[in-house]
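Enquirer: Give me a 3D structure for the following:
(one chain, ligands or ions: 1)
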Amino acid sequence: MQGKYDILIVGSGLGGLVCAYILSKKGFKVAVLEKHSQIGGCLQSFKRENVKFDTGMHYIGSMEEGQILHRFWKYLGLTESVPLQRLNTDGYDVISLNGTEYKYASGYDNFIDTLAKQFPNNVADLQTYINNVRDIANASPLYNLRKIQNNVFIEPDYIKTSVNDFIAGATQNTVLQNVLAGNLPLYAGVKDKTPTYIHALITNFYIQSAYRIIGGSDQIAKSLAQSIKSFGGEIIPSAEVDKFICNNERATSVLLTNGEYIEANSFISNIHPQVTLSKIDSPMIRKAYRQRINGLQNTISNFTVYIIFKPNTTPYLNYNYYYYKNADVWAGNDYNPATWPEQFLFMHQCKEANQQFAESAELIGYMHYDEVAQWANTKVGRRGEAYEDFKKQKAEKMLQELELSFPGIRNCIQSYYTSTPLTYENYTKTMHGSMYGIIRDKNFPTQTLVSQRTKIPNLFMTGQNINSHGILGVTIGSVITCAEFLGLNEVIQEFYD
Ligand SMILES: Cc1cc2nc3c(=O)[nH]c(=O)nc-3n(C[C@H](O)[C@H](O)[C@H](O)COP(=O)(O)OP(=O)(O)OC[C@H]3O[C@@H](n4cnc5c(N)ncnc54)[C@H](O)[C@@H]3O)c2cc1C
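Expert: Now for the predicted structure:
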């Protein structure tokens, strides 16, 4: 049976949109179905008091001409349409550890030289660490857009060692170990679990060059959608998929919550694998596969305070601030609610190039879903007084902690808004509002990797649970998914033409 579309993509997150871009550009008749009225998933922005906030894309890396994300963005038509502000090259990230600040500087030598000022006895260790990070990044064919002859995307050794062991292998200085692991909220790292390659690829990505998006990450989704339409694709918002319908051999259509069926020849799910499986009744999904996928743990969620500053009160910070109350950066994941927050990430939002004062900022801390589970069955905007009180209390705790690093900042705040794990769960349908999806575990390396292939031959997955999360991880995951239709080296060739 011929469907209405060649490929129907469910979910308009980054993964869904990049797949739609590549496949529609190659001539497939593609449509993207999105549950919400606004497309983009974690690329969505929202406004309060006419001030725009991002939800899940705050800074990106490797955007100098020739660097890896720049090559992808050039192909995706994003270099022209999404304006960027480069973060300070002498400290794009500042790690505040137990009251002392350390800077990550751009460029390998600059990174070493800058940290060497505070760790003069560990220069050789820093060199070893950087050499190892570079070796891992260089070994990955897809992160270098090299054609490959097999399906080995990452060397097995880098999957089987943990980030903390990897760093400890470079230096015995425990303070330096914590400083080097200080960007772990970028991947919600878990001690003795998170594999080395995740840390190395992300660190390498930002060391090369780091940028904020000027004016909102929703521009990425809008630009991709516009291009997809120009290639003949369709983007259909407010279309929530309830079920994938299958016959004995393959998926044939999706059923929307409004009762409509849409047929296609093939399907790509950009929604979380566990949620995807909950929408498939077919016996082609065997019990063992379902149990394995459903048994996988997800990364922690977050509580965010969206701050609006009084006009011209707060000098714009052109760097990201990673705060740790204590010396152990790994402690945040198993926090005690009584002493929360153990850590947070503080970032000013970039409204225009070279701005002098900040209009707004975000303060993001880890939060377990359990803390808000009691309100899971309530609806957005109507979760009740107790929930509002909970949010207020948490926001005040975070702001008190922020004040320790930026004395006087409370007086500069005009107003603030908050989000919890329930907010993220609602807006992205990620399990329990998990930030980055399924936890990869070096102790169970193959079991915690999710394939782009499902047990249904014409249904594939994409998004942050395939390959990795983030702007680069998800883009590469889309390449892996599109390879199912075009062949891997043919997709890679696209970025050379
Ligand atoms: C707080 C936070 C900060 C982050 N900061 C950064 C950053 O600074 N830099 C970076 O590179 N990465 C960052 N990330 C990670 C990055 O945002 C994600 O890895 C990436 O955007 C996920 O893309 P995705 O394709 O998996 O889809 P998602 O963004 O998860 O989108 C999935 C889409 O599917 C839709 N959907 C779900 N169910 C259905 C259904 N039944 N029918 C139709 N549609 C459905 C959802 O509405 C959503 O639009 C951050 C993430 C978080 C949470």
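
Enquirer: Mind giving me the packing neighbours of the lengthiest helix in the chain?
Expert: Taking DSSP state H as the criterion, the chain has its longest helix at helix 385-405. With contacts defined as 3 or more Cβ pairs under 8 Å, 6 or more residues apart in numbering; DSSP states H and E, the packing partners of helix 385-405 are strand 301-309, strand 320-324, strand 343-348, strand 360-367, helix 409-412, strand 413-419. Every residue, glycine included, has its C-beta placed from N, CA and C.

Enquirer: let's see it at 10 Å
Expert: strand 93-97, strand 301-309, strand 320-324, strand 343-348, strand 360-367, helix 409-412, strand 413-419 (3 or more Cβ pairs under 10 Å, 6 or more residues apart in numbering; DSSP states H and E).

Enquirer: can you tell which of the ones you listed is closest to residue 456?
Expert: Across the helices and strands packed on helix 385-405, residue 456 has its closest neighbour in strand 301-309 (29.4 Å, Cβ to Cβ).

Enquirer: any idea of the angle that closest one forms with strand 343-348?
Expert: Relative orientation of strand 301-309 and strand 343-348, computed by axes from the mean of the first three to the mean of the last three Cα atoms, to 10 degrees: 40 degrees.

Enquirer: What is the helix or strand bottoming out on mean pLDDT in the chain packed up against?
Expert: The weakest-scoring helix or strand in the chain, judged by mean pLDDT, DSSP states H and E, is helix 156-160 (a mean of 81). For helix 156-160, the packing partners by 3+ Cβ pairs under 10 Å, 6+ apart come out as helix 123-139, helix 196-208.

Enquirer: starting at the chain centroid, how far to the longest one?
Expert: If I follow you right, that is helix 123-139. 24 Å (Cα atoms, centre = their mean, to the nearest Å).

Enquirer: Stretch 320-328 too?
Expert: Distance of stretch 320-328 from the chain centroid (Cα atoms, centre = their mean) equals 20 Å.

Enquirer: what's the first-to-last distance across it?
Expert: 19 Å (Cα to Cα, to the nearest Å).

Enquirer: hmm, it touching the ligand?
Expert: No. Using Cβ under 6 Å from any ligand atom, stretch 320-328 stays clear of the ligand, with a minimum separation of 8.6 Å.

Enquirer: and that stretch, which residues are buried?
Expert: If you call a residue buried by 16 or more other Cβ atoms under 10 Å, then stretch 320-328 has these buried ones: 320, 321, 322, 323, 324, 325, 328.

Enquirer: As TSV, those residues with distance to residue 271 would be great.
Expert: Listed next are the buried residues of stretch 320-328 as TSV, based on distance: Cβ to Cβ, whole Å:
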residue	distance to residue 271
320	29
321	33
322	30
323	33
324	33
325	35
328	35
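
Enquirer: Just name the most buried of the helices and strands packed on helix 156-160.
Expert: Greatest average neighbour count among these goes to helix 196-208 (a mean of 24), per mean count of other Cβ atoms under 10 Å.

Enquirer: Averaged pLDDT, that helix. What do you get?
Expert: For helix 196-208, mean pLDDT is 97.

Enquirer: Next SSE downstream of it?
Expert: strand 210-213 (DSSP states H and E).

Enquirer: For the following helix or strand past that following strand, C-alpha coordinates in CSV please.
Expert: Where DSSP H and E defines the elements, the next helix or strand beyond strand 210-213 is helix 218-230. Taking Å, rounded to 0.1, in the frame of the first residue of the first chain, the C-alpha atoms of helix 218-230 are listed here in CSV:
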residue,chain,number,x,y,z
ASP,A,218,13.7,28.9,18.3
GLN,A,219,15.3,30.5,15.3
ILE,A,220,17.1,27.1,14.6
ALA,A,221,13.7,25.3,14.4
LYS,A,222,12.1,28.1,12.3
SER,A,223,14.9,28.2,9.8
LEU,A,224,15.0,24.4,9.4
ALA,A,225,11.2,24.4,9.0
GLN,A,226,11.3,27.0,6.3
SER,A,227,13.9,25.1,4.4
ILE,A,228,12.0,21.8,4.8
LYS,A,229,8.9,23.5,3.3
SER,A,230,11.0,24.9,0.4
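
Enquirer: Can you see whether helix 218-230 contacts the ligand, counting any residue in it?
Expert: No. Helix 218-230 stays clear of the ligand (Cβ under 6 Å from any ligand atom), getting no nearer than 8.8 Å.

Enquirer: Check the offset of that helix from the chain's centre.
Expert: How far helix 218-230 lies from its chain's middle: 19 Å, per Cα atoms, centre = their mean.

Enquirer: same deal with stretch 392-400?
Expert: Once both centres are worked out by Cα atoms, centre = their mean, stretch 392-400 turns out to sit 25 Å from its chain's centre.

Enquirer: buried stuff in that stretch?
Expert: Going by neighbour count (16+ other Cβ under 10 Å), the buried part of stretch 392-400 is 394, 395, 397, 398, 399.

Enquirer: tell me the contacts of the last one?
Expert: Contacts for residue 399 were tallied using Cβ atoms under 10 Å, 6 or more residues apart in numbering; they are 305, 307, 363, 409, 410, 413, 416.

Enquirer: out of those, which are buried?
Expert: 305, 307, 363, 409, 413, 416.

Enquirer: and residue 296, helix, strand or coil?
Expert: Going by DSSP: H, G, I helix; E, B strand; the rest coil, the secondary structure assigned to residue 296 is coil.

Enquirer: Run a quick check on it versus residue 274, I expect a contact.
Expert: Yes. Taking contacts as Cβ atoms under 10 Å, residue 296 lies within contact range of residue 274: 7.3 Å.

Enquirer: Now the common contact residues for the two.
Expert: By Cβ under 10 Å, 6+ apart, the residues touching both residue 296 and residue 274 are 431, 437, 438, 450, 465.

Enquirer: Not counting sequence-adjacent ones, nearest residue to the first one?
Expert: Closest residue in space to residue 431, ignoring its immediate chain neighbours: residue 298 at 4.8 Å, by Cβ to Cβ, 6 or more residues apart in numbering.

Enquirer: Now do the longest helix of the chain: distance to the chain's middle.
Expert: That offset, for helix 385-405, works out to 25 Å (Cα atoms, centre = their mean).

Enquirer: near the ligand, anything from stretch 249-267?
Expert: No. Stretch 249-267 is not in contact with the ligand by Cβ under 6 Å from any ligand atom; minimum separation 7.9 Å.
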